[in-house]
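>>> Sequence below, structure please.
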Amino acid sequence: CASQSLPGTASTAYLYGDSLMGHLDGDRHRVLQAFIHNTVGIVDPETKTQRFYYGNDGAGNQTLDSSFFEDPRDDHFLWPVAGVTLDAPDVVNGPVVIAFCYNIIWNASDALGFGIAGTTIARVTQPANIEDPDTWLDALELIDLPGTGEHFQIGAAARVADNSRTEDGRRMVYIAGYRD
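Numbers count the residues shown, from 1 in each chain. Model prediction:
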């Protein structure tokens, strides 16, 4: 799970990896409806409640058949591991939400049945409503980072530094990764 404050709001976004979706039936008995690979949660600071977002059917209706960040390749899925949000003056066309995701590929020869194919950035630029991830989908771009793969991952952690700036005054974004 990764979290970040949303620019210009008091809300916080949470990026979740594998998610069991369901509901409570009566006396808190859990009814599982679906298992998807990622979801987004937005916490309303006033009510202290979280609303969850996952894939939609293209007509704006949420569906439990797909994750929020969907890789277009049938044998891949995305696990968000870190994220940052940026706004003016750091980006001209803000706000921007960036999620660093492990790009997972189904692999029958692996002991777990899947492996890491690389790192994918899910970048959302100028969504219509930063507090409504359903509007993010129209502004979503998936970018596979070259040079990443099973033995080298970028995005294990990310941080926007308030005290470290470029020559033109924009804040620096630091990302961490690993090589095995």
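>>> Contact partners for the closest residue to Gly94 other than its chain neighbours?
For Gly94, ignoring the flanking residues on the chain, the nearest one in space by Cβ to Cβ, 6 or more residues apart in numbering is Asp87 at 4.1 Å. All C-beta atoms are positioned from the backbone trio N, CA, C, and that covers glycine. Going by Cβ atoms under 8 Å, 6 or more residues apart in numbering, Asp87 touches 7-8, 94-96.
>>> chain center to stretch 134-147, what's the gap?
9 Å (Cα atoms, centre = their mean, to the nearest Å).
>>> Repeat that for stretch 3-14.
Distance of stretch 3-14 from the chain centroid (Cα atoms, centre = their mean) equals 13 Å.
>>> what about this protein, any weak spots by pLDDT?
The model of the chain has pLDDT under 70 over residues 58, 88-89, 93.
>>> which other residues reach the lengthiest strand in it?
As assigned by DSSP state E, the longest strand anywhere in the chain is strand 152-165. By Cβ under 8 Å, 6+ apart, the residues outside strand 152-165 that reach it are 2, 81-86, 90, 98, 100-102, 116, 118-119, 121, 145, 148, 171-180.
>>> Just the buried ones from those, in PyMOL syntax?
Per 16 or more other Cβ atoms under 10 Å, the buried members of the contacts of strand 152-165 correspond to this PyMOL selection:
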select buried, resi 2+81+82+83+84+85+86+90+98+100+101+102+116+118+119+121+145+148+171+175+177
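>>> Now intersect the contacts of strand 152-165 with the helices, please.
Using DSSP state H, no member of these sits in helices.
>>> For Gly177, see how far away the residue lying farthest from the centre of the chain is.
Computed with Cα atoms, centre = their mean, the residue of the chain farthest from its C-alpha average is Asp27, at 32.3 Å. Shown here: Asp27 relative to Gly177, a distance of 45 Å by Cβ to Cβ, to the nearest Å.
>>> Likewise for Ala111?
Ala111 is 23 Å from Gly177, by Cβ to Cβ.
>>> For Thr120, name its beta-bridge partners.
Beta-bridge partners recorded for Thr120 (DSSP bridges): Cys101, Asp144.
>>> With that, I have no additional questions.
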